[in-house]
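Engineer: heads up, no residue letters with this:
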């Protein structure tokens, strides 16, 4: 059974850092790309960034460039999202999702985590 489970969210002061994890099970992470999406209150879900099978990073949200990065540990079947210099506008539910090839379209992803809340108060 394919599952993606996020962890590590929480409340972070502006300018702070937070690392969130996505643990994959039921499939071999080596053969898939994993992306992080986010959805802020009252807004559509948006792609943040994606890590392809060859570990090429693709950023979909210009606002996070230079602040967020993504990495994977295939031995642990885990993908990490490292968030630095957090801003109130980063407040959202963050989701990891699986695809074969990175895309900013949510329709290209076949499995999603349950989502995890990240809050940066203003």
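Structural biologist: Received, thanks. Computed from a prediction, not measured in an experiment: that's the story for all the values here.
Engineer: Could you use CA atoms for every contact and neighbour count after this?
Structural biologist: Noted.
Engineer: which residue sits closest to residue 78, ignoring its sequence neighbours?
Structural biologist: residue 23 (4.5 Å; C-alpha to C-alpha, 6 or more residues apart in numbering).
Engineer: Apologies, that question was intended for residue 65.
Structural biologist: residue 59 (7.0 Å).
Engineer: residues touching the spatially most central residue of the chain, list them.
Structural biologist: Centrality entry for the chain: nearest residue to the mean C-alpha point is residue 36, 2.4 Å, by C-alpha atoms, centre = their mean. Under the criterion of C-alpha atoms under 8 Å, 6 or more residues apart in numbering, the neighbours of residue 36 are 47-50, 81, 94-97.
Engineer: let's see it at 10 Å
Structural biologist: 22, 46-51, 59-60, 70, 79-81, 94-98, 104, 112-113, 115 (C-alpha atoms under 10 Å, 6 or more residues apart in numbering).
Engineer: after the worst-scoring helix or strand of the chain on mean pLDDT comes which helix or strand?
Structural biologist: Within the chain, confidence by mean pLDDT, DSSP states H and E is lowest for strand 57-59 among all helices and strands, at a mean of 94. Next helix or strand after strand 57-59 toward the C-terminus (DSSP states H and E): strand 68-73.
Engineer: which of the residues in the next helix or strand after that next one are buried?
Structural biologist: Remark: after strand 68-73, the chain's next helix or strand is strand 78-83, criterion DSSP H and E. Across strand 78-83, burial judged by 16 or more other C-alpha atoms under 10 Å covers 78-81, 83.
Engineer: strands paired with strand 78-83, and their directions?
Structural biologist: strand 18-25 (antiparallel), strand 68-73 (antiparallel) (DSSP bridges).
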